[in-house]
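Asks: Next input, structure requested:
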Amino acid sequence: MTDSLMTPMLRQYESIKAQHRDKLVFFRLGDFYELFNEDAEIAARELEITLTSREAGKGKRMPMCGVPYHAADSYIGRLVTKGYKVAICEQMEDPKLAKGVVRREVVRIITPGTVMEPALLEAKSNNYLASVFSDGRDVGIALCDLSTGEFLATEVRGDFSHERAVTEIVRRGPRECLVPDNVGPGDPVRSRLSSVPGINISLYDAEAFRPERAREYLLRHFRVASLEAFGCERLPLAIGAAGACISYLSGTQGSLLAHVGRLRTYTIDGFMAIDETTQRNLEIFASLRDGTKKGSLLGVLDRTITGMGGRLLRRWLEEPLLDLAEIRRRQDLVERFFDDQVLRNSVRDLLKGIYDIERLTARAAMKLANPREIYTLGLSLERLPELWQVLAGWPVRGDGSAIDCLEDIAREIRQTLVDDPPTSPKEGGIIRPGFDETLDRLREARSSGRAWLVELESRERERTGIKSLKVGYNQVFGYYIEVTRPNLPLVPPDYIRKQTLASGERFITPELKEKEVLITRAEEEQLQLEYELFCRLRDRVAGEASRLQKAAALVAEVDVASALAEVARLNNYVRPEVTSGDEILVKAARHPVVEQSLKGSVYVPNDIMLDGSRNQIAIITGPNMAGKSTYMRSCALIVIMAQIGSFVPAESARIGIVSRIMTRIGATDDLALGLSTFMVEMLELARILIHADRRTLILLDEVGRGTGTLDGLSIARATVEYIHDRRKVGAKTLFATHFHQLTSLEKALPRVKNYCMTARQEGQDIVFLHKIEPGSSTESYGIDVARLAGLPPEVIKRASEILAELKKEGEGQSPPQKRHARGQVPSTCKHAAQLSLFEKAEDAVIRDLLEMDLLNMTPLEALARLKELQERLKEGTLGIRVIPGRVGDARV
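Replies: Residues are numbered from 1 along each chain as shown. Below is the predicted model of the structure:
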């Protein structure tokens, strides 16, 4: 449509849309947000709302749809969750006072990484916006949670920097990641992040990432002359990522970033490394079963009460410590609550009255907080003095500084706002009477005006004799006198007709009109003054963002410590001894999650003994379902719990600091990438062998199972030998396997020990004891597990027959493949003479030789037949000739 055919309003819309082509523009029209053209079609489809159209000139119509202003948050949230960006275009003046088209501007852009609405955020999870910048070799990363003000930056340098950077970003779980717009889709970091569910890639101006320009953004934002205090002055890639992040936030949120007041520079080598695969395999944050928190380690440990406490606990699990002193400090906090039930209960009761100070502060700083939110912030702050009093004498702060009770802010909020104020700041009734003299006078004028209206109604009824006469008000016609149709003959001549209704007429009088002006003016002035006073209070709160954030951080730590103590008491955990050594010695270890799911059953604990001198590698054999994987996972989870400062499920534990946990557990085929089970297994194993060192804990479950038996056994043995070599890896390792031949390594390698999960046969049934003991197992009980799984009886019976025959023929032979090669067993088919599972060439040749009718063959025919049989023996297969070349290329 040409510009000349558009209405002024549509021209305004097109002008705004031209600046936000990659966003859905929510265009405010009265009480609705309207969307037009392609935006409307997308919104109608995604939100399942009606798509309509409006006149667009010369018989053309423009697609449109709309959502009510008061319900917009939920609609916006659904769009943002699906990865869309939304530009909020507001009316910047009162339509009644506007001359021409109402002035409109985009006041805010909402993207997956910049969500601020409480209903769209998970209370106990951060909502990070990530930013990544690379020079081709090393990588800078920044992460900002706009909803809390947290701002982090780091650099990843050296070998495998791209892979390690991706691991770090994925570990933090951002909703959105900024990438320079000159980086192509083939970039190793961008391409890997693009494949991670839940991370939306946003291309952003590459110039903003340039370290020199990015430094300017940061200096201007923090109002400093140097970045030295933030620890990133000599980290150009981190500066590039962080500066671009601030530039992006400023562009989408305006200058309302006062709560992002500090940049924390960190190193990824300061925490235990837990990659995405290990995080998933150990079910640290989500269950493998359904992807929810229930059934995860976080689900067991999270008894936090506040949102900020829940986020801190999650952060602790994301960042298990390597600093022994800090681990012990956290343990001391937990132990104090663990030992003192009265203190624990008192503190947790007080925490129930404390709301999310972090996010309320952030909303205030961004001018989004409403009166009720500021009021709940005040209620939270009023709890702090009592909380600190209960904790008196307890060094909860590491720097020894005085605890800020924020009583001045709490007092100001209490003095300013009424109890339980309404949500809207523009509808009045939010400022406490007596707070402002001018406001009190306006309220009195408004009140007296309303009293005058009541008196007018009474007086006019008496004067006119119309008993049903009433004085009313609506927004279109203002104040009026309403008379029903039967009483119209009684209307006095000084009444001026204003509106005709089916039931009667509405009138005004000069006196009423004059009074209306006074009353309306008082109401408007009152509402405006209340709004201004509220904004002043909100700005005051925003100005104290730093103090509020420090208090929130302290409350969060108290919440986490008391929660971990509560869990430890309820589940009979103990304080582990964390050391700088290399041992993992746990007596009666339990899996923290599995034991919670055993309703009415008793968890069977097991000891764990690993070290770098005599017990570096534990080879674990035993039947399926006996608990090998659970045992291994319990070891890793106990180490993680110990290094976040938590107590652990055991009778006692001594844990040497572990710098990295790596796992290969379970089938994690990535079919979407065209990778088979075995390829995924080998890729994960390669990653482990490349990155692991002597401070790593490795969990390996059934390495080599995805290929042929001999291949798998060879790979498994070579892996154990490689890890055992201190010059190559030397990591403490739990290695579960069905390759019983690996148990011979106990005699060949000095730091390998054999363990087995026990089971007991009772008649036709098997009883899993779930107990680990030194030694090795010779039975896998696979058929028994199949019976438990419910396979048809005839399948179980047939499998038992085959197994018995294979065992009989395999006596005295070591490699399983040899036993299977001669596995001829009775067939269940009536007319089948014999069926060989793996028929060898010599067996077939002998059979054919015996069947030759020599009496009826000429010497030449017999010689030719013998030549054929000889060639078949040389080829080594029955009827199949394998041609050297690529895998799978065979000719019959």
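
Asks: make it CA atoms for all contacts and neighbour counts henceforth
Replies: Will do.

Asks: Pick out the residue nearest the middle of this structure.
Replies: Geometric centre of the chain, nearest residue: residue 173, 5.2 Å, by CA atoms, centre = their mean.

Asks: now that one, nearest residue through space, not along the chain?
Replies: Excluding the flanking residues, the one nearest residue 173 by CA to CA, 6 or more residues apart in numbering is residue 128, at 7.2 Å.

Asks: is it true that that neighbour touches residue 146?
Replies: Yes: counting by CA atoms under 8 Å, residue 146 is a contact partner of residue 128 at 7.4 Å.

Asks: what's the overlap in contacts for those two?
Replies: 113-114 (CA atoms under 8 Å, 6 or more residues apart in numbering).

Asks: Show the backbone phi and psi for the closest residue to residue 36 other than its chain neighbours.
Replies: Leaving aside its chain neighbours, residue 36 sits nearest to residue 64 (4.4 Å; criterion: CA to CA, 6+ apart). Dihedral pair for residue 64: phi -150, psi 160, per degrees, to the nearest 10.

Asks: Quickly note the distance from residue 64 to residue 342.
Replies: According to CA to CA, to the nearest Å, residue 64 and residue 342 sit 61 Å apart.

Asks: Residue 370 now?
Replies: Relative to residue 342, residue 370 is positioned 37 Å away (CA to CA).

Asks: So which of these two has more stuff around it?
Replies: residue 370 (20 against 11; other CA atoms under 10 Å).

Asks: show me the contacts for the more buried one.
Replies: 423-425.

Asks: buried subset of the residues you listed?
Replies: By neighbour count, with 16 or more other CA atoms under 10 Å, the contacts of residue 370 hold residue 425 as buried.

Asks: so of the contacts of residue 370, which ones are in strands?
Replies: Among the contacts of residue 370, no member falls in strands (DSSP state E).

Asks: Residue 803: which of the contacts of residue 370 is nearest?
Replies: Set against residue 803, the nearest of the contacts of residue 370 by CA to CA is residue 423 (73.0 Å).

Asks: How is this structure divided into domains?
Replies: Structurally, the chain divides into domains by automatic domain parsing as follows: 3-110, 123-270, 302-406+544-571, 437-523, 577-788, 839-892.

Asks: Can you lay out the ones you listed as CSV showing distance to residue 802?
Replies: Shown next, in CSV, are those (distance: least, CA to CA, whole Å):
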stretch, distance to residue 802
domain 3-110, 53
domain 123-270, 45
domain 302-406+544-571, 47
domain 437-523, 89
domain 577-788, 11
domain 839-892, 15
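
Asks: got TSV for those domains, with distance to residue 276 and mean pLDDT too?
Replies: Shown next, in TSV, are the domains of the chain (distance: least, CA to CA, whole Å; pLDDT from 0 to 100):
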stretch	distance to residue 276	mean pLDDT
domain 3-110	22	90
domain 123-270	6	94
domain 302-406+544-571	11	93
domain 437-523	58	92
domain 577-788	10	88
domain 839-892	32	57
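
Asks: And the helices in the stretch 701-850 of the chain?
Replies: Taking DSSP state H, counting those that start in this stretch as the criterion, the stretch 701-850 of the chain contains helices spanning 709-724, 745-748, 782-789, 793-809, 816-821, 841-851.

Asks: Residue 769 is nearest to which of those helices?
Replies: So among the helices of the stretch 701-850 of the chain, helix 782-789 is nearest, using CA to CA, at 14.0 Å.

Asks: How about residues contacting the closest one?
Replies: For helix 782-789, contacts defined as CA under 8 Å, 6+ apart pick out 623-625, 765-766, 793, 796, 799-800.
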